[in-house]
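[1] Build me a model:
(chains A, B, C and D)
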There are 2 protein chains.
Amino acid sequence: MRTTIRDVAREAGVSIATVSRVMRGSASVTEPTRERVLAVAQELEFVPSQLGRQLAERRHAANGIVFPDLSGPYYAEVVLGYEAVAAELGRSVLILSTHGRQDADAKVLEMAERCDGLVILGRTVGDTTVERLAKRGVGLVLVARPAIATADSVNVENRDSAVALAEHLVARGARDFVFVGDPDGSSEFAERLEGVEEGFRRAGSRRRSLALAARPTEEAGAAVADSVGGVDDLPDAFVCANDELALGLMARLGERGIDVPGDVLVTGWDDVMAARYAGLTTVRQPMRELGGTAARLLDELINGSRSEPRHEVLGTELVVRGSTLGKEHA
Amino acid sequence: MRTTIRDVAREAGVSIATVSRVMRGSASVTEPTRERVLAVAQELEFVPSQLGRQLAERRHAANGIVFPDLSGPYYAEVVLGYEAVAAELGRSVLILSTHGRQDADAKVLEMAERCDGLVILGRTVGDTTVERLAKRGVGLVLVARPAIATADSVNVENRDSAVALAEHLVARGARDFVFVGDPDGSSEFAERLEGVEEGFRRAGSRRRSLALAARPTEEAGAAVADSVGGVDDLPDAFVCANDELALGLMARLGERGIDVPGDVLVTGWDDVMAARYAGLTTVRQPMRELGGTAARLLDELINGSRSEPRHEVLGTELVVRGSTLGKEHA
DNA sequence: TTGAAAGCGGTACCAA
DNA sequence: TTGGTACCGCTTTCAA
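    Next comes the predicted model:
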């Protein structure tokens, strides 16, 4: 059996109330009593049960984060940024990847029972679940998901950088483009597409067509590369919804002897580590900061230091590399 | 106030024992009673408190994973592999990054109070802490850390692939090498260094010198690149303890006009995503599987389906790319 | 300053 | 099949 507060109390000849006071450093306890209890606790290797404590205090001192498939580098970074700040704030961190499963909502509801608050990334769960959680009094921060009135949110600026990206492409001679990614699968992707379209429109161009990719992965990107007929069949630019699509696409184009940026320009989104080494033009997102900000907002929410919801929007940055520049600049 | 089991009992006109039975689907309950209770529970939106349940059952149905600084792609992958399997097994997942902090041991001890078992990666905590946890009855799986008798472990094969790597380098004309990474900071790194040394020794060569890098990061790798005098000051090969060191090193060498593999060969370890795009020769580790295996072992441990500790060793694979091949092969 | 005792929200044993 | 009740391990009044 584990050592409990009663064992310590008995051994030290005091009540459990006193042991509790000593362990929490709270209230007034005589120095001698204090020392005696501490000594016994040490000797018995007493570690207060979090469970007992949590039940009595009716709080978990933990919060969770929910994300889709964690395979890519993007979500990993966000989670890390989140963990770093949460740990700093003295909170335990639970993670849950929905893997696109059907029972995601149930899983999240279950996890919520172990947390004081939750960060929810993207479209991992339905709106009804979110509302239900909110109603239940769970602290909620939505990330990379359209903001709602009852919860905090953190998002990145998508439109402006999308326009900037389009302008860059137009400046590099592009007159049409194909968007690679499914705008219906993510509000972020939709915003990016809109922004790029607007940028091209301003320059008097029009979108050529829309390539849907089921999942934003390297494989899907490669599949798009496979689907083009040949050099004559290319748009001026492939604008990919994220870096992984772009990387997979670009690699496969290379294998097929199609030159980037000679035959076609390629861009991504996120600026993951591999993008640097692949020379991919992309839009940098502050991924760590996204997670860190969410952690801080959640903490405020839980500690009740704030009541009205806040909606943060973090800036992004266009990063131009070889995939949209002539060889001479790369 | 939240709805409790007593609210439901009162409303349904039964005892809390019956409600408990219904909620757990256990034991025998008349169909009418069952339905009535369920209806009330639904109406009151009753969700059993995990806390109450856990305290009564004296188990958490959760387990944790501890890793160092999670910045790199390596640990992220391991954690993801872990989460996927743990979730599948119906267990909640707590994460803790030690960030090289001094209070890491205390944090881990604290987290252990919320879990039935723990996976510990690398040298995040001291041996005394590990022993203490083991003694306390916490399920323990050590990953990328020397195995001990009282806990399970999962490691990757380092020596053999290191020898293979050395042989490859020798075949490419290398006669000496500089190891980039701190063998004292990680048992893994130490094994890799030993293996590479042995490989070179077999080929009649000898290690030229040892470059210590404080932390296995891109920045540290770049710093090593800065420290070499010029083309005449180079070894035949830089063998880096992980991919990030190698990538940082290689990039900076490029900036300095030193050609890889023309002037010097460079290798990494892990095969992270960026390594593919950088054309880096490396040793592939099954990172996801490492985490997944750990999760499975831990589950066995906790469910008591096994008593004697197990020690798994996963295989690795040499991946040859442009950084050790002539341009013509790259 | 200290102790007794009433919760916190469940589970499970023992009777009925 | 059900209900009563004693825990699980801690926190926190309320009195002494």
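[2] Okay, and A:N63 sits in which element?
    When elements are assigned from DSSP states H and E, A:N63 belongs to strand A:62-67.
[3] Compute the inter-axis angle for that strand and strand B:62-67.
    Interaxial angle of strand A:62-67 relative to strand B:62-67 (axes from the mean of the first three to the mean of the last three C-alpha atoms, to 10 degrees): 80 degrees.
[4] do strand A:62-67 and chain B meet?
    Yes: using C-beta under 8 Å from any C-beta of the partner chain, strand A:62-67 reaches chain B at A:A62. C-beta here means a position set from N, CA and C on the backbone, and glycine is covered the same way.
[5] contacting residues around A:A104?
    For A:A104, the contact set (C-beta atoms under 8 Å, 6 or more residues apart in numbering or on different chains) comprises A:98, A:124-125.
[6] who's in contact with the residue of the stretch 151-300 of chain A found nearest DNA strand D?
    Minimum separation of the stretch 151-300 of chain A from DNA strand D (C-beta to the nearest atom of the strand) falls at A:D299, amounting to 18.9 Å. Taking C-beta under 8 Å, 6+ apart, we find A:D299 in contact with A:86, A:89, A:91.
[7] So the last one versus chain B, what's the distance?
    It stands for A:R91. From A:R91 over to chain B the distance is 11 Å, taken as C-beta to the nearest C-beta, to the nearest Å.
[8] Quickly list what the closest residue to A:Y74 other than its chain neighbours is bridged to.
    Spatial nearest neighbour of A:Y74, excluding adjacent residues (C-beta to C-beta, 6 or more residues apart in numbering or on different chains): A:D270 at 5.2 Å. Beta-bridge partners of A:D270, counted by DSSP bridges, are A:R284.
[9] Dead centre of chain A: give me the residue that sits there.
    When chain A is reduced to its mean C-alpha position, the nearest residue by C-alpha atoms, centre = their mean turns out to be A:V78, at 4.0 Å.
[10] separation between that residue and A:R296?
    A:V78 sits 14 Å away from A:R296, going by C-beta to C-beta, to the nearest Å.
[11] rewinding a little: helix, strand or coil: sort out the residue nearest to the centre of chain A for me.
    Put simply, A:V78 is helix when judged by DSSP: H, G, I helix; E, B strand; the rest coil.
[12] and it, what does it touch?
    Contact analysis of A:V78 by C-beta under 8 Å, 6+ apart lists A:67, A:121, A:143, A:287-288, A:290-291, A:294.
[13] Show me which residues of the stretch 151-300 of chain A sit near chain B.
    By C-beta under 8 Å from any C-beta, the residues of the stretch 151-300 of chain A that approach chain B are A:247, A:251, A:272-274, A:276-278.
[14] check which helix or strand covers the residue of the stretch 151-300 of chain A closest to DNA strand D.
    Using DSSP H and E, A:D299 maps to helix A:287-302.
[15] quick one: average pLDDT of that helix?
    Model confidence over helix A:287-302, given as mean pLDDT, is 96.
[16] Phi, psi for the residue lying closest to A:V228 once chain neighbours are set aside please.
    If you skip the residues right next to it in sequence, A:V228 has A:L234 as its closest partner in space, 6.0 Å away by C-beta to C-beta, 6+ apart. Main-chain torsions, A:L234, degrees, to the nearest 10: phi -90, psi 150.
[17] Distance check, A:L234 against DNA strand C.
    The spacing between A:L234 and DNA strand C, counted by C-beta to the nearest atom of the strand, to the nearest Å, is 60 Å.
[18] For that residue, give me its contacts.
    The contact partners of A:L234, taken as C-beta under 8 Å, 6+ apart, are A:228, A:258, A:263-264.
[19] Let's have the residues you listed in a markdown table, adding secondary structure and pLDDT.
    Shown next, in a markdown table, are the contacts of A:L234 (DSSP: H, G, I helix; E, B strand; the rest coil; pLDDT from 0 to 100):
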| residue | secondary structure | pLDDT |
| --- | --- | --- |
| A:V228 | coil | 89 |
| A:I258 | coil | 96 |
| A:D263 | coil | 95 |
| A:V264 | coil | 96 |
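[20] which of those residues come close to DNA strand C?
    Among these, not one lies near DNA strand C by C-beta under 7 Å from any atom of the strand.
[21] By neighbours, which of the contacts of A:V78 wins?
    Greatest neighbour count in these, by other C-beta atoms under 10 Å in any protein chain shown, goes to A:A294: 30 neighbours.
[22] Spit out the contact partners of it.
    Contact analysis of A:A294 by C-beta under 8 Å, 6+ apart lists A:65, A:78, A:82, A:119, A:141, A:143, A:154.
[23] ok, 6 Å please
    With contact set as C-beta atoms under 6 Å, 6 or more residues apart in numbering or on different chains, A:A294 has these partners: A:82, A:119, A:141, A:143, A:154.
[24] List buried members of the contacts of A:A104 by neighbour count.
    A:98, A:124-125 (16 or more other C-beta atoms under 10 Å in any protein chain shown).
[25] Show me which residues of chain A are close to DNA strand C?
    A:13-18, A:21, A:27-30, A:32-34, A:52, A:55-56, A:58.
[26] and DNA strand D, which of these contact it?
    Filtering those for neighbours of DNA strand D using C-beta under 7 Å from any atom of the strand leaves A:16-17, A:21, A:52, A:55-56.
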